[in-house]
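> For reference, the sequence and a predicted model appear below.
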Amino acid sequence: MPNGGSDCCGTCWFNSKNNGEQGYQGSEKEGVVICIIRNLEIPDPFWTYCANHPHHNQNKIDLPLGPVYINDGYPYSRKVWVNPPDNEEIRLKLLELLEKISNEPEFRYPSETDLEEEIIKQLTALKEIRAIEGLKRIINLDIEDYRNQKNFIIRNKSIIVGQAIESLLEITNGEYLDEVEKFINYGIEINSMDNYDQDNDNFAAIRYHLVRGLKHCESTKAKGLLKTAINDPNNEVKAFANEILNKKNEC
């Protein structure tokens, strides 16, 4: 059993030895394991991962989505091993899947790899301008039900909204900053440093990704938002805001 997560190539239905099924049918048999949708030899299938695994990809989409990851050591973090391929068919599928992202509660397999996150990250890396309208739609999803959610098996859609904000700013070089600046205090509107509980701040991801996106914005407003964020009660948000603001001030 792979300690790094069962969402590995060893149990994937696109593993050449598993006969199109999910499970442990053949990865330990002699011979080479091939990912049949990437035409890629997998030297260590129980420590190799991607978003096409059935734990993330229940519809069995057979186009390569996102990169291939391998284990990056204890405590089982993942790093990119092989970058995703790029062609028009894949781009169109990514755009189609972007349009299907909703605010509906969904089960989330406990893993660093998440299909919706990989969709947004890949479109961002491609600087795919056709994703702009889809990202704007996601940013405006109603996610209030996730504000106080305590069930961490359900995907926290604020993470997806946050990633859409960062992606929109990166793809457009800050063109839509006016539309997302309202999120700079989202989730902490009624909090103070005295009663803030970082472990129960379900919307910190939105502010975190907005701050990360501000590095792509060359404007006075971006600096002003970063100055606001350096007082954020969340340590990660505050740290990124300080780092990005300092780099802007050095320029």
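Perfect, thanks for sending it.
> elements contacting the strand or helix carrying L245?
For L245, the element it lies in under DSSP states H and E is helix 235-250. For helix 235-250, the elements it packs on are helix 204-213, helix 220-229, judged by 3 or more CB pairs under 8 Å, 6 or more residues apart in numbering; DSSP states H and E. (Glycine included, C-beta is placed from N, CA and C.)
> Any idea which of those gets closest to K238?
helix 220-229 (6.9 Å; CB to CB).
> Any chance you could list what contacts that closest one?
Counting by CB atoms under 8 Å, 6 or more residues apart in numbering, helix 220-229 makes contact with 174, 177-178, 181, 184-185, 207, 210-211, 214, 237-238, 240-241, 244-245, 248, all of which sit outside it.
> So the residue of the chain positioned farthest from its centre versus K17, what's the distance?
Residue distances from the centre of the chain (CA atoms, centre = their mean) peak at E30, which lies 35.1 Å from the mean C-alpha position. For E30, the distance to K17 equals 10 Å [CB to CB, to the nearest Å].
> now G224
Relative to K17, G224 is positioned 56 Å away (criterion: CB to CB).
> Compare those two (neighbour count), which wins?
Neighbours around G224 and K17, counted as other CB atoms under 10 Å, are more numerous at K17. The numbers are 19 against 13.
> any idea of the pLDDT on the more buried one?
At K17 the predicted local confidence, pLDDT, stands at 91.
> ok, now S27?
The score at S27 is 59. That number is its pLDDT.
> Find the nearest non-adjacent residue to the residue most central in space within the chain, please.
For the chain, E117 is the residue whose C-alpha lies nearest the centre (CA atoms, centre = their mean; 2.9 Å). Leaving out its chain neighbours, the residue that sits closest to E117 by CB to CB, 6 or more residues apart in numbering is Q163, at 6.0 Å.
> what sits against that neighbour?
Neighbour list for Q163: 117, 120-121, 205, 209 [criterion: CB under 8 Å, 6+ apart].
> which regions of the stretch 1-150 of the chain lie under the pLDDT threshold?
For the stretch 1-150 of the chain, the stretches with pLDDT under 70 are 1-3, 25-29.
> For it, which segments count as strands?
Ranges of strands within the stretch 1-150 of the chain are 34-35, 40-41, 48-49, 68-71, 78-82, based on DSSP state E, counting those that start in this stretch.
> which one of those has the most crowded surroundings?
Using mean count of other CB atoms under 10 Å, the stretch among those with the largest mean neighbour count is strand 48-49, at a mean of 28.
> Could you name the helices and strands sitting against it?
In terms of contacts (3+ CB pairs under 8 Å, 6+ apart), strand 48-49 is packed against strand 68-71.
> Report the contact partners of the nearest residue to C12 once chain neighbours are set aside.
Beyond its immediate neighbours in the sequence, the residue positioned closest to C12 (CB to CB, 6+ apart) is H53, lying 5.0 Å away. For H53, the residues meeting the contact criterion (CB under 8 Å, 6+ apart) are 7-9, 11-12, 113.
> What is the nearest of the residues you listed to R78?
T113 (6.9 Å).
> Would you check that that closest one makes contact with R78?
Yes. Here T113 lies in contact with R78, judged by CB atoms under 8 Å, at a distance of 6.9 Å.
> Now the common contact residues for these two.
Joint contacts of T113 and R78 (CB under 8 Å, 6+ apart) are 49, 69.
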